[in-house]
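Undergrad: what follows is a predicted protein model with its sequence.
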Amino acid sequence: MSVNYDSVLSDKVKDMPASGIRKFFDLLENMSEAISLGVGEPDYQTPWHIRDAGIYSLEKGFTKYTSNSGLTELRKEICRYLLRRFGLEYSWSKEVVVTVGGSEAIDLAVRAMTNPGDEIIIPEPSFVCYVPIARLAGGIPVTIPTKPENQFRLTAEELKAAITPRTKLLILPYPNNPTGAILEKEDLEEIADVIRNTNIIVISDEIYAELTYEKKHISIANIEGMRERTIVINGFSKAYSMTGWRMGYACGPEQIIRQMTKIHQYAIMCAPTTSQYAAIEALRNGDDDIHVMREDYNQRRRLIIDGFRKIGLDTFEAKGAFYVFPCIKSTGMSSEEFCEKLLMSRKVAAVPGSAFGESGQGYIRCCYAASVADITEALKRIDSFLNELGCGR
């Protein structure tokens, strides 16, 4: 008797769509002379002093498991860093868990707090993992489409309208992937006014906190009455160009972090030891690296925003992360069709905005953590593509 795999597999997993991002990189893999503005990954190598710390840990034989929560010294450095850079104060021994990237931290937070039927509010467009994680945990994703006229910000009015007696969590994805939107202090205070007198917990995904270009990032945990109802998610991938090291962390109330750590114990054991030693070095001596990369990204941000506007695509003024979100509705094509034709005809890879939620339809995401030369050439190719369609300048 052959196995009926359809009956073996989880219905939740079968119903989960594959990532809308990866499809285009499977196509890109065998294309020569292709330019990718797709993967959300810095084009910098991890700074040498950070790599050297990882190498040194291997040379010294530091290859054992660490504690489930992470190395003591790393958790202490995380707390020093958050206090120094963002004014956030946490106990290293009770309120921090080190994870395998920020994505694991998000998963742990959602699973630790979600019962079947709980509602999880998710502003969109946003990172592709939130909705699947919510469903896998038995929760019900409640998406709020953000609007370009509001600078893709979640407004207090939209949030208030989405809350029901079943609302358990709000995922706050700012600075935002894919739009580059940020929330300023006034926005956070208005959201806090809605949340403060409820039992709703905020999962604040701040992986791009160091990559804001006009105003310094402020965490909602800084707002009065919000620290005790916020889990701050952060990591090393974006600020320190450490994507492959898979290092993240979560900070928040002891009662929640303790439960997250239990899941982490059974699912992961601990984050990679070598990566933890490298992360200590990043936090201790990496502030200058952040400054250099941020200044460089800011120049590329201006280049790509101005470039898209000049070739006739309305482009939101991204103020955080390293993405822009041009509107392609003028072409009459869906986001998927536009990206497929652009890749095949001009060998430029972008990500359909619809990969980040239904409200992303009519947009494409382009990552400017690429070289100036690649950005410049990609804009020329996209301009040629638009002219061929009769939609250019």
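TA: Yep, it's here. These numbers were taken from a predicted model, which means no experiment stands behind them.

Undergrad: biggest helix in this structure by residues?
TA: helix 287-310 (DSSP state H).

Undergrad: mean confidence for that helix?
TA: Taken as a whole, helix 287-310 has an average pLDDT of 97.

Undergrad: could you do stretch 226-237 as well?
TA: Here the average pLDDT along stretch 226-237 is 98.

Undergrad: ok now that stretch, how far from the chain's centre?
TA: Chain-centre distance of stretch 226-237: 13 Å, with CA atoms, centre = their mean, to the nearest Å.

Undergrad: in that stretch, which residues are buried?
TA: Under the neighbour-count criterion of 16 or more other CB atoms under 10 Å, stretch 226-237 has 226-227, 229-237 buried. (Each C-beta comes from the backbone N, C-alpha and C, glycine too.)

Undergrad: can you give the contact residues for the longest helix of the chain?
TA: 42, 44, 47, 50, 85, 180, 210-211, 213, 239-241, 282, 315, 317-318, 322, 324, 326, 366, 368-370, 372, 375-376, 379, 382, 393 (CB atoms under 8 Å, 6 or more residues apart in numbering).

Undergrad: the residue nearest to Pro42 when sequence neighbours are not counted in helix, strand or coil?
TA: What sits nearest to Pro42 in space, not counting adjacent residues and going by CB to CB, 6 or more residues apart in numbering, is Ser241, at 4.0 Å. Per DSSP: H, G, I helix; E, B strand; the rest coil, the local secondary structure of Ser241 is coil.

Undergrad: next one: phi and psi at Ser241?
TA: Main-chain dihedrals, Ser241, degrees, to the nearest 10: phi 50, psi 50.

Undergrad: thought Thr46 was touching it, still the case?
TA: Yes - using CB atoms under 8 Å, Ser241 is in contact with Thr46, at 5.3 Å.

Undergrad: show the contacting residues for Glu184.
TA: Going by CB under 8 Å, 6+ apart, Glu184 touches 215, 218.

Undergrad: where's it relative to Ile55, distance?
TA: In this view, Glu184 and Ile55 are 41 Å apart by CB to CB, to the nearest Å.

Undergrad: also Arg302?
TA: As for Arg302, its distance to Ile55 is 36 Å (criterion: CB to CB).

Undergrad: go on, Ala355?
TA: Distance, Ala355 to Ile55, by CB to CB: 36 Å.

Undergrad: with neighbour numbers in mind, choose between the two.
TA: Ala355 (23 against 14; other CB atoms under 10 Å).

Undergrad: name the SS class of the more buried one, please.
TA: helix.

Undergrad: isn't it right up against Gly38?
TA: No - with contacts counted by CB under 8 Å, Ala355 stays clear of Gly38, the gap being 10.0 Å.

Undergrad: so what's the nearest residue to Val202 once chain neighbours are set aside up against?
TA: Once flanking residues are discounted, Val202 sits nearest to Thr230: 4.5 Å by CB to CB, 6+ apart. By CB under 8 Å, 6+ apart, Thr230 lies in contact with 201-204, 219-221, 252.

Undergrad: Asp52 now?
TA: Asp52 sits next to Glu281 when contact means CB under 8 Å, 6+ apart.

Undergrad: now it: how far from Gly101?
TA: With CB to CB as the criterion, Asp52 and Gly101 are 22 Å apart.

Undergrad: so which residues of the protein form helices?
TA: For the chain, the helices defined by DSSP H occupy 5-8, 11-15, 22-28, 48-59, 72-86, 101-113, 130-136, 156-162, 185-195, 254-267, 273-285, 287-310, 335-346, 372-389.

Undergrad: contacts for the shortest one next, please.
TA: This points to helix 5-8. By CB under 8 Å, 6+ apart, the surrounding residues in contact with helix 5-8 are Lys14.

Undergrad: go on, the fifth one?
TA: For helix 72-86, the external contacting residues (CB under 8 Å, 6+ apart) are 69, 88-93, 96, 98, 209-210, 217-219, 222, 232, 234, 249, 251, 276, 279-280, 283-284, 287.

Undergrad: convert stretch 105-120 to CSV, retaining C-alpha atoms only.
TA: C-alpha atoms of stretch 105-120 as CSV (Å, rounded to 0.1, in the frame of the first residue of the first chain):
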residue,chain,number,x,y,z
ALA,A,105,11.9,35.4,18.1
ILE,A,106,8.6,36.4,16.3
ASP,A,107,7.5,32.7,16.2
LEU,A,108,8.3,32.2,19.9
ALA,A,109,6.4,35.3,20.9
VAL,A,110,3.3,34.4,18.9
ARG,A,111,3.2,30.7,20.0
ALA,A,112,3.8,31.7,23.7
MET,A,113,0.7,33.9,23.8
THR,A,114,-1.7,32.5,21.2
ASN,A,115,-4.6,30.2,22.0
PRO,A,116,-6.9,28.8,19.3
GLY,A,117,-9.2,31.5,18.0
ASP,A,118,-7.2,34.4,19.3
GLU,A,119,-7.0,37.3,16.9
ILE,A,120,-3.6,38.8,15.9
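
Undergrad: returning to that earlier point: out of the helices of the chain, which is the most enclosed?
TA: helix 101-113 (a mean of 24; mean count of other CB atoms under 10 Å).

Undergrad: other SSEs contacting that helix?
TA: Contacts defined by 3 or more CB pairs under 8 Å, 6 or more residues apart in numbering; DSSP states H and E place helix 101-113 against strand 96-99, helix 130-136, strand 167-172, strand 201-205, strand 230-235, strand 248-251, helix 254-267.

Undergrad: got the angle between the fourth one and helix 185-195?
TA: With axes from the mean of the first three to the mean of the last three CA atoms, to 10 degrees defining the directions, strand 201-205 sits at 150 degrees from helix 185-195.

Undergrad: then the fifth one?
TA: Note on geometry: by the same axes, to 10 degrees, strand 230-235 and helix 185-195 are set 130 degrees apart in direction.

Undergrad: paired strands for strand 230-235, with orientation please.
TA: Here strand 230-235 is paired, per DSSP bridges, with strand 201-205 (parallel), strand 248-251 (antiparallel).
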